[in-house]
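[1] One predicted model, sequence on top.
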Amino acid sequence: MELIVSEKYNAAERIAGILSKDSATREQVSGVTVFKWGGTYCMGLAGHVVEVDFPDEYNEWGSVSPASLIDAEVTKRASKPDIVAALNTLASEADRVVIATDYDREGELIGKEAYDLVRAVNDSAPVDRVRFSSLTGPEVRNAFEDPDEIDFDLAAAGEARQRIDLRWGASLTRFLTLASNQRGDGFVSVGRVQTPTLKLLVDREREIENFDPDDYWEIYADLGRTDEDDSFEAQYFYLNDQENEAERLWDEDAATAVYGDVDDASEATVERVDDRTRTDNPPIPFNTTEFIKAANAIGYDAKPAMNVAEDLYDDGYVTYPRTDNTVYPDDLDPRALLETLSEASPFEADAEALLDQESISPTAGETETTDHPPIHPTEDVPKKKALKGREWEIYELIVRRFFATLADAATWRKLRVDVDVAGHSLKANGSRLVKPGYHAVYPYYDTEETTIPAVTEGDALQIVESRLDEKQTRPPNRYGQSKLVEKMESLGLGTKSTRHNTIEKLYDRDYVTGNPPEPTELARKVVSATEEYGAHVASAEMTAQLEDDMTAIADGGTTLDEVTRSSREMLEDVFEDLQGARDEIGELLRTEIDESDSVGDCPECGEPLLPRQANSGSRFVGCNGYPDCEFTLPLPNKGRPHVLDELCDDHGLHHVKMIAGSKTFVFGCPRCQQRDAADTDDRVIGDCPECHASEGGELAIKRVHSGSRLVGCTRYPDCDYSLPLPRDGELEVTDDVCDDHDLPAVVIHQEDSSPWQLGCPICNYENYKS
DNA sequence: GCAAGGTC
């Protein structure tokens, strides 16, 4: 039996289809769907199915020093047990195995991991490697006709990255977390990619804060021939020391002097008219970064944009969305694809217009890779109704980008008019789109025109109005998500598959808030601490050096052991500095965490109250003075607590929100909640329909630990009969008793709305269910 | 409870 192993399910399906001429059938092996034809099985992995980790005895953060991770053994364990089990089952029976993972470094490593799993159960079957850069018939058949071997050096390069990232990330994260006394999920996370990315944001924020604005002046005049309708705006300019044109005047006296002359004048003379055309070339094909950039421009954040693209890929409508490639492969036939799209609404007209062009020659970017093509639509075109609104919007963007890369260039007419006013020069620029070219099929760019009337040299124009604008230089903008992705790419931080996830991680770790992402106090402190004591991990240089080392390993110039050894020596040096400054670092991180996360002051000792998590997992608000002060307040266990700005009038404490995806809710003031929970304590309203007859259980209104309310049996947990109640609003139990269930009607009084007649809790629940 | 990289 022969076994083919690919990187993912979709690729396995395609390979099986191509090699079996669509005769392959599906089969379940250890709960995994695989493909079978003749004597061949083909299965897909899910990327890495094993992951690096330290042995179990290193799991205990409290009893193992972070520095001991520097020399700890790094092992591999199955992270996708069912897929590993399926691979084991098939590999043990195989006479030959073919590794068909993606054609890139990480694919080589994933293939080598599969090889190791195969060898563990089968030491004799030959293991070949095939490489193809697109999942098309000719490419795939060619690769299988001429198989190659696994490149163990290339895989070792990937393994070096895994080990170095784990050792640096885990040891430093534990060190900073323990030094700052963080518990629960409030850990202080550090890594080769996330920390330099965070530093980009923090550095920019520092620039913005330290920015010292300068005053400057600009002078404008509205010029016209006969009436104001015809007027256009011209701006004063001069040649500076470097003989370049400049518009900004830095000296107020000079500005006022020039403005005085312009304001006094009544006429301008046209000195020069420059009329030229400019070619506006169509954009390059979508790689992941270009796609995220374009999706950003129509309102999608990086991660949601990728999620939608991945869904479209899974449905077969677009090609693989994680790619660095900006050059269409030779086997893509744009004309054939256009013809398919020309039969699909609403693309008919645009596709046909492109087919009518004299020639169809796609644009190309600078990066050409071997793993996947640029993102483009497939031959399988969905109907608009078959997609959700967001999916269609992204799908249309991808289709139109494909169109744009095949379309002709646009042409702009650029008109520049220079005039003289009292010996000063002013200029006006007009632009008109004379040939829309690719803009006709790709309407996402700004094509606003500025018209200026036709004037000729020597014309005299009236000065309708003039202005002296006082302005100030402005700090740079924060990085938006797409700018950040671009910046990460240019620095080599992360990969096409991870950059959007890294940004998401910064939000999860409370390092950034808002959009564009703004670094929090904690983020600044973490960056400061790592810059000072663990410099290497805060700098993009670490990645650059790792890339060089990986290239050397792949080329055989050095070895995995050599590279990881010298990396460990560096990490040891970092830890020598860190250990000496442990208290300082702890103090630095702790004070800031207190300020940004504090619920308020402890009523018993005045220290800050902080959201905490006990070792049991239960959440509470605890006093920073612990163990000297043991004051606590309960919190729900569902979700992560987030301290809001809003303050409680009664207790002066901040309201707390519990972040739990779609179940996110505002818990409110923890002290009020504790008081209300005590007030509503088990008000009995009737008999339990489940167990009153046999055990005497009664129904009572309860507020449970999570903060929500319910009607439940007093014999809980022996009887778990319960009925839901709304979380918010004051509860009134009326004298109105339900004939069917012998329970009183309940009314909910909410602020800003009329009372909600809930009625008998059982009737209410039955209505709600139906 | 740690990283980054795959993919779902």
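    Arrived safely.
[2] so the closest residue to A:D736 other than its chain neighbours, which of the three states?
    Computed as C-beta to C-beta, 6 or more residues apart in numbering, the closest residue to A:D736 that is not its neighbour in sequence is A:A745, at 4.0 Å. All C-beta atoms are positioned from the backbone trio N, CA, C, and that covers glycine. Assigned with DSSP: H, G, I helix; E, B strand; the rest coil, A:A745 falls in the strand class.
[3] what does A:D742 give?
    Secondary structure for A:D742, judged by three-state DSSP, is coil.
[4] That one: how many residues sit nearby?
    Residues within reach of A:D742, counting by other C-beta atoms under 10 Å, total 13.
[5] Angles on the backbone of it, please.
    Per-residue torsions, A:D742: phi 60, psi 40 (degrees, to the nearest 10).
[6] Contacts for stretch A:550-561, please.
    By C-beta atoms under 8 Å, 6 or more residues apart in numbering, the residues outside stretch A:550-561 that reach it are A:105, A:151, A:153-154, A:156-161, A:549, A:563.
[7] that older thread, OK, contacts around the residue nearest to A:D736?
    Contacts of A:A745 (C-beta under 8 Å, 6+ apart): A:734, A:736-738, A:757-760.
[8] Check what pLDDT it gets.
    If you check A:A745, the pLDDT there is 83.
[9] Now do the contacts for the closest residue to A:A581 other than its chain neighbours.
    Closest residue to A:A581 apart from its sequence neighbours, by C-beta to C-beta, 6+ apart: A:Y533 at 5.7 Å. By C-beta under 8 Å, 6+ apart, the contact list for A:Y533 reads A:574, A:577-578, A:581, A:585.
[10] Report the separation between A:Y533 and A:V527.
    Going from A:Y533 to A:V527 by C-beta to C-beta, to the nearest Å gives 12 Å.
[11] same question, A:G224
    A:G224 is 55 Å from A:V527, by C-beta to C-beta.
[12] Can you report how many residues neighbour A:P329?
    By other C-beta under 10 Å, neighbour count at A:P329 equals 15.
[13] Equivalent analysis for A:T277, please.
    Burial of A:T277, expressed as a neighbour count using other C-beta under 10 Å, amounts to 12.
[14] Show the pLDDT at it.
    97.
[15] same deal with A:N764?
    74.
[16] Got phi/psi on it?
    Dihedral pair for A:N764: phi -60, psi -40, per degrees, to the nearest 10.
[17] my guess is A:Y479 contacts A:E518, does it?
    No: A:Y479 is not in contact with A:E518 according to C-beta atoms under 8 Å; the separation is 10.0 Å.
[18] what number of residues lie near the residue lying closest to A:P346 once chain neighbours are set aside?
    Spatial nearest neighbour of A:P346, excluding adjacent residues (C-beta to C-beta, 6+ apart): A:K384 at 7.1 Å. Close neighbours of A:K384, defined as other C-beta under 10 Å, add up to 13.
[19] repeat for A:T451
    10.
[20] now do A:A100
    For A:A100, the neighbour count with other C-beta under 10 Å is 28.
[21] The one 4 residues further on too?
    In terms of burial, A:D104 registers 22 neighbours under the definition other C-beta under 10 Å.
[22] Repeat that for A:N325.
    Using other C-beta under 10 Å, A:N325 has 26 other residues around it.
[23] Same question for the one 3 residues further on.
    Neighbour count for A:Y328, taken as other C-beta under 10 Å: 21.
[24] these two touch, right, it and A:P285?
    Yes: here A:Y328 reaches A:P285: they are 5.9 Å apart, a contact under C-beta under 8 Å.
[25] among the contacts of A:A745, which ones are buried?
    The neighbour count (16 or more other C-beta atoms under 10 Å) marks A:738, A:758-760 as buried among these.
[26] Write out the residues of the stretch 51-200 of chain A neighbouring DNA strand B.
    A:51-54, A:58-59, A:61-62, A:69, A:79-80, A:102, A:104, A:106, A:110, A:161-162, A:165-166, A:168-170, A:173-174, A:177-178, A:182-187, A:189-195 (C-beta under 7 Å from any atom of the strand).
[27] Test for you: state the pLDDT assigned to A:K427.
    98.
[28] Which residues in the helix or strand it falls within does the neighbour count mark as buried?
    A:K427 is part of strand A:424-435, with elements assigned from DSSP states H and E. Under the neighbour-count criterion of 16+ other C-beta under 10 Å, strand A:424-435 has A:424-428, A:430-431, A:433 buried.
[29] How about stretch A:216-225?
    A:216-224.
[30] In strands only, show me those.
    Of the positions in the buried residues of stretch A:216-225, A:216-224 sit in strands, assigned by DSSP state E.
[31] Nearest to DNA strand B among the residues you listed?
    A:Y216 (41.4 Å; C-beta to the nearest atom of the strand).
[32] Who are the contact partners of that closest one?
    A:Y216 makes contact with A:248-250, A:471-473, according to C-beta under 8 Å, 6+ apart.
[33] elements contacting the single longest helix found in chain A?
    The helix spanning the most residues in chain A, taking DSSP state H as the definition, is helix A:152-179. Applying 3 or more C-beta pairs under 8 Å, 6 or more residues apart in numbering; DSSP states H and E, we find helix A:152-179 packed against strand A:50-53, helix A:105-121, helix A:521-533, helix A:535-538, helix A:541-555, helix A:560-580, helix A:582-597.
[34] State the next helix or strand along the chain beyond it.
    helix A:194-210.
[35] Tell me who's in contact with the residue of the stretch 1-150 of chain A found nearest DNA strand B.
    Residue of the stretch 1-150 of chain A nearest DNA strand B, by C-beta to the nearest atom of the strand: A:G47 (2.1 Å). A:G47 is in contact with A:7-8, A:110, counting by C-beta under 8 Å, 6+ apart.
[36] Check A:F232 too.
    A:222-224, A:428, A:430, A:451-453.
[37] need these in TSV with distance to DNA strand B, can you?
    Putting those into TSV (distance: C-beta to the nearest atom of the strand, whole Å) gives the following:
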residue	distance to DNA strand B
A:D222	53
A:L223	55
A:G224	58
A:A428	49
A:G430	47
A:T451	48
A:I452	50
A:P453	55
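[38] Adding distance to A:H500, write the residues you listed out as CSV.
    Formatted as CSV, those follow (distance: C-beta to C-beta, whole Å):
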residue, distance to A:H500
A:D222, 46
A:L223, 49
A:G224, 51
A:A428, 43
A:G430, 40
A:T451, 41
A:I452, 43
A:P453, 48
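[39] Which single one of those residues is nearest to A:S466?
    Comparing these against A:S466 with C-beta to C-beta places A:D222 closest, at 7.5 Å.
[40] from memory the closest one sits against A:S466, does it?
    Yes: using C-beta under 8 Å, A:D222 is in contact with A:S466, at 7.5 Å.
[41] near DNA strand B, which residues of the stretch 351-500 of chain A?
    So far as C-beta under 7 Å from any atom of the strand goes, the stretch 351-500 of chain A lies against DNA strand B at A:494-498.
[42] repeat that for 10 Å
    A:371-372, A:488, A:492-500 (C-beta under 10 Å from any atom of the strand).
[43] got the domain boundaries for chain A?
    What automatic domain parsing lists as the domains of chain A is A:2-45+A:80-150, A:181-210+A:481-585, A:215-281+A:411-472, A:288-408, A:598-674, A:680-769.
[44] Just send those domains back as a markdown table, with distance to A:E73 too.
    Converted to a markdown table, the domains of chain A look like this (distance: least, C-beta to C-beta, whole Å):
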| stretch | distance to A:E73 |
| --- | --- |
| domain A:2-45+A:80-150 | 16 |
| domain A:181-210+A:481-585 | 12 |
| domain A:215-281+A:411-472 | 52 |
| domain A:288-408 | 32 |
| domain A:598-674 | 27 |
| domain A:680-769 | 41 |
